[in-house]
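A.B. asks: Sequence plus predicted model, see below.
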Amino acid sequence: MNCHSTIRVLLLLPCLVAMAGAQVPPSQAVSPPVSYTSMSQLNTLLDQLQQASKSTQEDLSGLRIDKWKTDSNIKQGNLNNVESIQRNLKEALPAMISELQASPESLPATFKLYRNLDALYDVFGGVVESAAAFGSRDDFRSLGSDLGSLEKVRRSFADRMETLAGAKEAELIRLRTAVHNSEALANHATPKKVIVIDDEPEKKPVRKKTTKPPAKKASSGTADTGTK
């Protein structure tokens, strides 16, 4: 996995985690615990890094750049680089290590530490080259060993970052699938409302005609008076 894929994972993962957290049941949204293998690997790398940092600081502290056989501009430039490296190793690097120890499989924290090691390697490499050209053989040998240790740790962190990025990529796929399934389930479970529009006017009820019974006719003839 290249750097672009790693950055894409870093950008997409928080969004999908938020979506999945809102739509997926909590039992499915909880991240798995850090494995023993992963934690053991990280502890080994951090131990190697701290040892390399300690050795580098000691060797840089005993470096006599003022005795180098070169002009003052090159000396001053290397002195500035040494101060920058020592400040990073004493202040910035320990804070990054603590951050990573708190979140052992955090891809952003791992990437942050790796970028710092990459920058340190470039600056330190220039100092080692200057020591080879203008300093003593002992200075070059000790600094070269420190640079080799730093490079070894840097490569190991690059490999770990690639492994974590692959795992996060798989997690992205799982979260996409979970969000898709959750949306499909929600759409299927929601009943659809059917609205009927009746434009016909209301019909008035038809009254049935009632037939009146025929009137009774009066009887004809005279009344009986009882006379003959």
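C.D. replies: Okay, I see it. Residues are numbered from 1 along each chain as shown.
A.B. asks: which residues are in contact with whatever helix or strand residue 80 lives in?
C.D. replies: If you go by DSSP states H and E, residue 80 is part of helix 72-87. The contact list for helix 72-87 (C-beta atoms under 8 Å, 6 or more residues apart in numbering) reads 56-57, 60-61, 63, 65-66, 68, 120, 123-124, 126-127, 130, 134. Placement of C-beta: from N, CA and C, glycine included.
A.B. asks: mean confidence for the next helix-or-strand element following that helix?
C.D. replies: Using DSSP H and E, the helix or strand that directly follows helix 72-87 along the chain is helix 93-102. When pLDDT is averaged along helix 93-102, the result is 96.
A.B. asks: Show me what the helix or strand following helix 93-102 is packed up against.
C.D. replies: Next in sequence after helix 93-102, counting helices and strands by DSSP H and E, comes helix 107-134. On a contact count with 3 or more C-beta pairs under 8 Å, 6 or more residues apart in numbering; DSSP states H and E, helix 107-134 meets helix 3-23, helix 36-61, helix 72-87, helix 93-102, helix 137-189.
A.B. asks: count of neighbours near residue 48?
C.D. replies: Burial of residue 48 is recorded as 16 neighbouring residues (other C-beta atoms under 10 Å).
A.B. asks: pLDDT value on it, please?
C.D. replies: 97.
A.B. asks: ok, of the contacts of helix 72-87, which come out buried?
C.D. replies: 56, 60, 63, 65, 68, 120, 124, 127, 130, 134 (16 or more other C-beta atoms under 10 Å).
A.B. asks: a markdown table please, covering those and showing pLDDT and distance to residue 166.
C.D. replies: Putting the buried ones among the contacts of helix 72-87 into a markdown table (pLDDT from 0 to 100; distance: C-beta to C-beta, whole Å) gives the following:
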| residue | pLDDT | distance to residue 166 |
| --- | --- | --- |
| 56 | 97 | 31 |
| 60 | 97 | 36 |
| 63 | 94 | 41 |
| 65 | 95 | 43 |
| 68 | 94 | 46 |
| 120 | 97 | 26 |
| 124 | 97 | 30 |
| 127 | 97 | 35 |
| 130 | 96 | 39 |
| 134 | 96 | 44 |
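A.B. asks: Return the closest of those residues with respect to residue 110.
C.D. replies: Taking C-beta to C-beta as the measure, residue 110 sits nearest to residue 120 out of the buried ones among the contacts of helix 72-87, at 15.7 Å.
A.B. asks: what is the mean pLDDT for the helix holding residue 80?
C.D. replies: Per-residue pLDDT over helix 72-87 has a mean of 97.
A.B. asks: possible to save the helices and strands packed on helix 107-134 as CSV with distance to residue 109?
C.D. replies: Compiled in CSV, those are given as follows (distance: least, C-beta to C-beta, whole Å):
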stretch, distance to residue 109
helix 3-23, 11
helix 36-61, 11
helix 72-87, 21
helix 93-102, 5
helix 137-189, 10
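A.B. asks: Which among those is found nearest to residue 114?
C.D. replies: helix 137-189 (4.7 Å).
A.B. asks: Flag the shaky bits of the chain, pLDDT-wise.
C.D. replies: Low-confidence segments of the chain, defined by pLDDT under 70: 1-32, 189-228.
A.B. asks: on that earlier part again, now, the most widely separated pair of the contacts of helix 72-87?
C.D. replies: 66 and 120, at 23.3 Å, using C-beta to C-beta across the contacts of helix 72-87.
A.B. asks: residue contacts, residue 39?
C.D. replies: Contacts of residue 39 by C-beta under 8 Å, 6+ apart are residue 104.
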